[in-house]
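J.: dropping the sequence and predicted coords here.
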Amino acid sequence: MIEQKIEVYDKSNIYEFDNNNMLHYYPKRIMELIESKKYKSCLELGIGHGYTVESFSSFFDRHVVLDGDGEIIKNFKNKFPNIKSEIIETYFEDWDTDEKFDIIVLGFVLEHVDNPNRILNKYKKYLNPEGRIFITVPNAEALNRRIGLKAGLMTDIHQLSENDFKSGHKRYYTLTSFRKEIVNAGLTIIREEGIFLKPITTAQMIQLNFSDAIIKGFFEVGKEYPELCLALMVETLCVG
């Protein structure tokens with residue numbers, strides 16, 4: 001069950017800068033990685049800001065999205081009235097189906113839920129044998145957080161901010177703890193990348209007004225340095 005406040009999706013929120021960049025980037029990256037495989041169906045957990053749903057809806061023949069918050073679903077449908085995705089209001093822990101999917105996406109989900117291992121073990125059974133599960137989480141050891149810790153702006157690298165609490169975040173991951181979470185759920189990591197190598201605070205990034213080319217550079221370089229990025233992404237498969 002995810003608890004969050006609808007105002008975190010307000011564009012006036014300073015972290016909309018990070019969200020806008022990351023949530024437009026990673027679905028495109030996933031589609032880039034799987035395009036040649038011709039996967040047809042996708043199960044996605046969570047609507048969030050709706051950017052990923054908008055992207056995946058037109059990419060897959062079948063796209064199913066689960067979300068437990070009726071207000072978020074309503075807000076999404078008002079913003080994207082023509083989306084063809086099937087959207088189901090349900091808690092992740094409660095939903096069940098006999099259907100199998102080629103791709104399953106847990107985009108910034110595990111930091112919200114009470115029991116990540118339970119969610120991973122539950123949803124891997126909905127994956128087709130040749131399918132892939134993509135998972136993204138926030139990184140406690142991102143470069144900007146490391147600098148903030150050394151500068152005395154934080155007391156612990158895993159510290160949650162006021163915005164984290166509003167967003168319903170329960171935890172951060174490190175690359176090491178993320179790998180452990182995946183392996184403990186019986187999944188095999190075949191790719192790991194970083195999302196957004198962000199060297200300074202969000203307010204400073206906005207103030208400096210970097211060009212689109214520079215922002216793209218932060219993402220491209222970040223793929224090779226996940227331990228320093230704002231978020232972590234893994235591509236996994238289920239063996240056996």
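T.: Cool, got the structure. Because the structure is a prediction, the values reported are computed rather than measured.

J.: where does the chain have low pLDDT?
T.: Low-confidence segments of the chain (pLDDT under 70): 1-14, 240.

J.: can you give me the helices in it?
T.: Applying DSSP state H to the chain gives helices spanning 16-34, 51-59, 70-79, 116-123, 143-150, 162-166, 175-184, 202-208, 212-222.

J.: mind checking how far the residue most central in space within the chain is from Arg146?
T.: With distances taken as C-alpha atoms, centre = their mean, Gly107 lies nearest the centre of the chain, 2.5 Å away. Distance from Gly107 to Arg146, counting by C-beta to C-beta, to the nearest Å: 24 Å. Backbone N, C-alpha and C define where each C-beta goes, glycine included.

J.: now swap in Leu230 and tell me
T.: Distance from Leu230 to Arg146, counting by C-beta to C-beta: 12 Å.

J.: and Gly68, by the same measure?
T.: Taking C-beta to C-beta, one finds Gly68 at 34 Å from Arg146.

J.: neighbour-wise, which of the two wins?
T.: Gly68 (20 against 16; other C-beta atoms under 10 Å).

J.: make sure that one is actually in contact with Tyr91.
T.: Yes. Gly68 is within contact range of Tyr91, at 4.3 Å (criterion: C-beta atoms under 8 Å).

J.: hang on, the earlier thing: quick check: bridge partners of the residue nearest to the centre of the chain?
T.: Thr136 (DSSP bridges).

J.: if I look at it, how far off is Leu197?
T.: Distance, Gly107 to Leu197, by C-beta to C-beta: 19 Å.

J.: equivalent analysis for Phe101, please.
T.: According to C-beta to C-beta, Phe101 and Leu197 sit 31 Å apart.

J.: who are the neighbours in contact with the residue nearest to Cys238 when sequence neighbours are not counted?
T.: Leaving aside its chain neighbours, Cys238 sits nearest to Lys124 (4.6 Å; criterion: C-beta to C-beta, 6 or more residues apart in numbering). If a contact means C-beta atoms under 8 Å, 6 or more residues apart in numbering, then Lys124 has Ile104, Ile133, Ala185, Gly186, Leu187, Cys238 as its contacts.

J.: what's the neighbour count on the fourth one?
T.: Right, Gly186. Using other C-beta under 10 Å: Gly186 sits among 14 other residues.

J.: what do you get for the first one?
T.: Applying other C-beta under 10 Å, we find 25 residues neighbouring Ile104.

J.: contacting residues around it?
T.: Here Ile104 is in contact with Cys42, Leu43, Glu44, Leu45, Tyr123, Lys124, Tyr126, Leu127, Gly131, Arg132, Ile133, Phe134 (C-beta under 8 Å, 6+ apart).

J.: tabulate those in JSON lines, adding columns for distance to Asp114.
T.: Compiled in JSON lines, the contacts of Ile104 are given as follows (distance: C-beta to C-beta, whole Å):
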{"residue": "Cys42", "distance to Asp114": "25"}
{"residue": "Leu43", "distance to Asp114": "20"}
{"residue": "Glu44", "distance to Asp114": "20"}
{"residue": "Leu45", "distance to Asp114": "14"}
{"residue": "Tyr123", "distance to Asp114": "15"}
{"residue": "Lys124", "distance to Asp114": "18"}
{"residue": "Tyr126", "distance to Asp114": "20"}
{"residue": "Leu127", "distance to Asp114": "22"}
{"residue": "Gly131", "distance to Asp114": "26"}
{"residue": "Arg132", "distance to Asp114": "25"}
{"residue": "Ile133", "distance to Asp114": "20"}
{"residue": "Phe134", "distance to Asp114": "22"}
